[in-house]
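> when you get a sec, could you give me coordinates for this:
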Amino acid sequence: MDEHESDAEPNTLEVTRRTVIETGTTALLLSTLPRSALATVPVADNEPRPPVKVDLQINGHLHSLTLDPRTTLLDALREHLALIGSKKGCDHGQCGACTVLIDGRRINSCLTLAVMHDGHSITTIEGLARGDDLHPLQAAFVEHDGFQCGYCTSGQICSAVGMLAESQQGMPSYVTEDLTQPAAELIDVEIRERMSGNICRCAAYPNIVAAIKQAARMPT
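I've put the predicted structure just below:
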């Protein structure tokens with residue numbers, strides 16, 4: 001072996017096919033990001049954020065809260081305002097137990113941040129009744145035994161309120177056959193499709209459908 005070769009430092013970089021692919025993919029992803037995203041400094045998930053003030057109009061009452069900006073609307077309702085009617089089921093927007101109404105529109109409160117609804121009108125299950133007078137859907141659920149364990153019931157009722165409003169506004173569903181009509185007839189298949197985002201693990205679905213049909217003044 002030549003003495004010059006033995007003294008040389010092994011500084012040769014080995015380039016593999018995997019290295020080329022990974023480097024090229026990273027460069028492509030970075031080139032497609034908006035400039036603002038590239039300028040943003042990442043923050044660790046466990047690093048505290050400065051609290052923000054939010055005014056929530058809930059069931060006709062104004063609540064001023066100071067929250068971590070990552071607080072979901074569901075956690076604000078349950079943990080900060082003790083409105084525990086909205087349930088935390090899957091916490092992924094799949095079961096519907098946390099459904100509330102935002103400006104009359106049904107929404108999964110576990111998937112939205114409280115700060116996004118500053119000044120909005122929020123209705124939870126606690127705000128549907130008028131004193132001792134139950135909302136028609138609440139009364140229908142009681143009459144038709146539309147619940148068993150009751151865990152999903154508040155979300156079912158709030159979702160049904162929003163669903164009936166959507167139907168009255170003429171919004172079709174996936175199973176609506178005649179789109180020329182101002183509003184679809186709320187037959188069983190329509191109700192089941194429109195309420196498919198709300199899971200009842202006790203399988204009280206026939207009674208839930210019957211309750212919604214009664215509240216909609218449909219024959220059961």
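> I'd say Arg194 and Ser173 touch.
Yes: with contact defined as CB atoms under 8 Å, Arg194 counts as touching Ser173 (5.1 Å). For the C-beta atoms, the positions are set from N, CA and C on the backbone; glycine is no exception.
> more crowded one of these two?
Arg194 (25 against 18; other CB atoms under 10 Å).
> ok, that one - contacts?
Applying CB atoms under 8 Å, 6 or more residues apart in numbering, one finds that Arg194 lies in contact with Met163, Glu166, Ser167, Ser173.
> of these, which is the most crowded?
Neighbour counts for the contacts of Arg194 (other CB under 10 Å) peak at Met163, which has 25 neighbours.
> okay, and that one sits in which element?
Assigned by DSSP states H and E, Met163 belongs to helix 153-168.
> buried stuff in the helix or strand that that helix is followed by?
Sequence order places helix 188-194 as the next helix or strand after helix 153-168, per DSSP H and E. Within helix 188-194, the residues scored as buried using 16 or more other CB atoms under 10 Å are Glu190, Ile191, Arg192, Arg194.
> quick one: which of the residues you listed is nearest Thr123?
If you rank those by distance to Thr123 using CB to CB, Arg194 comes first, at 18.6 Å.
> so the residue nearest the centre of the chain bridges to which residues?
Closest to where the C-alpha atoms of the chain average out (CA atoms, centre = their mean) is Asn108, at 2.9 Å. Beta-bridge partners for Asn108, by DSSP bridges, are Thr99.
> show me the strands in this structure, by range?
Assigned by DSSP state E, the chain shows strands spanning 52-58, 61-67, 99-102, 105-108, 121-123.
> would you point to the one among those that's packed deepest?
With neighbours taken as mean count of other CB atoms under 10 Å, those reach their highest mean count in strand 99-102, at a mean of 24.
> distance check, the nearest residue to Ile199 once chain neighbours are set aside against Gln168.
Once flanking residues are discounted, Ile199 sits nearest to Cys95: 4.6 Å by CB to CB, 6 or more residues apart in numbering. Applying CB to CB, to the nearest Å, the value for Cys95 to Gln168 is 26 Å.
> for the two, indicate the residue with more neighbours.
Shown here are Cys95 and Gln168; by other CB under 10 Å, Cys95 has more neighbours (22 against 12).
> can you pull the contacts of that one?
With CB under 8 Å, 6+ apart, Cys95 has these contacts: Gly89, Cys152, Gly155, Asn198, Ile199.
> highest neighbour count among those residues?
When neighbours are counted by other CB under 10 Å, Gly155 leads those with 27 neighbours.
> what's the first-to-last distance across stretch 114-132?
Using CA to CA, to the nearest Å, one end of stretch 114-132 lies 29 Å from the other.
> count of residues packed around the closest residue to Lys87 other than its chain neighbours?
Counting by CB to CB, 6+ apart, Ala97 is the residue found nearest to Lys87 once chain neighbours are left out, at 4.0 Å. When neighbours are counted by other CB under 10 Å, Ala97 registers 27.
> correct me, but Ala97 touches Asp91?
No: assessed by CB under 8 Å, Ala97 is found out of contact with Asp91, at 9.5 Å.
> which intervals of the chain have sub-threshold pLDDT?
For the chain, the stretches with pLDDT under 70 are 1-15, 17-46, 218-220.
> one more time with 50, if that's ok
Low-confidence segments of the chain, defined by pLDDT under 50: 36-38, 220.
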